[in-house]
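Novice: Dropping the sequence and predicted coords here.
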Amino acid sequence: MATLPPQRPHDASDDAEPRQRRSRRKEARPGELLDAALALFVEKGFAATRVEEVAARAGVSKGTLFIYFPSKEELFKAVVRESISGKYTEFGQELETYTGTSAELVRYCMHEWWREIGMSAASGITKLVMSEAGMFPEIAAFYQQEVIGPGHDLLGKVLQRGIASGEFRPMPIEYAVYSLIAPMIFLLMWKHSMAPCCPPSQQLDPVSFIDTQVSLLLGGMLAPTPTR
């Protein structure tokens, strides 16, 4: 009769390792759920995304999802805070410590926003909100409060900085801000609508597009050079 190989003595660490893996898995679940939700919201829209799909993609049960996020609306809000509005504090700090000219700051802001938001999966959230705002006004109101309003305020400070230094001509900041926002919204909408359908010869290069828009905008914002 075959003999079994000798067993090594039981070590308490044998039980600890699986527990640690389970613990790490539990702690990681909110982040995994947010990643899964972001991907599905961008892919399918808010209305068509079901919480069961989010849970399945994250590898957890629907009940686990509801432990962290009590509704699809709260899940969406958490996604927006994590991927977009949560970055505004850092943006604001950079604005306060920036030492270049205001013209350079405008260019930096638009390129940095594209790098942080436009190049990420979160870039599809704007199209989702604009498409479904009529069906879900509470989502639109949340987006206005968490994303559009704070972003408007940050850009307003950039323009006010240039006016105060004499670099920019006086302008109605409340409306001038939209001149900076509009090209970025166009770029996002293009990325998530026409870009996948266009041949390579008709694709937009985001960096070149932003540089062109900034140059045009600064041409209208810069104060005239005094003549002697």
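Specialist: Yep, it's here. Residues are numbered from 1 along each chain as shown.
Novice: how does the protein divide into domains?
Specialist: Using automatic domain parsing, the domain parsing of the chain gives 22-78, 84-221.
Novice: For these, give me JSON lines that also has mean pLDDT and mean neighbour count.
Specialist: All C-beta spots, glycine's among them, are computed from the backbone N, C-alpha and C. Below are these laid out as JSON lines (pLDDT from 0 to 100; neighbours: other Cβ atoms under 10 Å):
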{"stretch": "domain 22-78", "mean pLDDT": "89", "mean neighbour count": "16"}
{"stretch": "domain 84-221", "mean pLDDT": "95", "mean neighbour count": "15"}
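Novice: Now do the strands in this protein.
Specialist: With DSSP state E as the criterion, the chain has no strands.
Novice: Just give me the residue closest to the centre of it.
Specialist: In the chain, the C-alpha nearest the mean C-alpha coordinate belongs to Ile84, at 3.2 Å (Cα atoms, centre = their mean).
Novice: Now do the contacts for it.
Specialist: By Cβ atoms under 8 Å, 6 or more residues apart in numbering, the residues touching Ile84 are 117, 122, 125, 146-147.
Novice: quick one, phi psi at it?
Specialist: Dihedral angles of Ile84 (phi, psi; degrees, to the nearest 10) stand at phi -130, psi -70.
Novice: Which residue ranges of this structure form helices?
Specialist: Ranges of helices in the chain, per DSSP state H, are 12-44, 51-58, 62-68, 72-83, 88-97, 102-113, 125-132, 137-143, 149-164, 173-191, 206-221.
Novice: roughly how far apart are Glu132 and Ala55?
Specialist: Using Cβ to Cβ, to the nearest Å, Glu132 is found at 21 Å from Ala55.
Novice: same question, Leu159
Specialist: From Leu159 to Ala55 the distance is 44 Å (Cβ to Cβ).
Novice: Could you do Thr212 as well?
Specialist: Distance of Thr212 to Ala55, given as Cβ to Cβ: 44 Å.
Novice: if I pick Leu204, what's in contact with it?
Specialist: Residues in contact with Leu204, defined by Cβ under 8 Å, 6+ apart, are 187, 190, 195.
Novice: hang on, the earlier thing: switch the contacts of Ile84 over to CSV; also include distance to Thr97.
Specialist: Shown next, in CSV, are those (distance: Cβ to Cβ, whole Å):
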residue, distance to Thr97
Ile117, 20
Ala122, 25
Ile125, 28
Glu146, 24
Val147, 23
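Novice: Cheers, nothing more for now.
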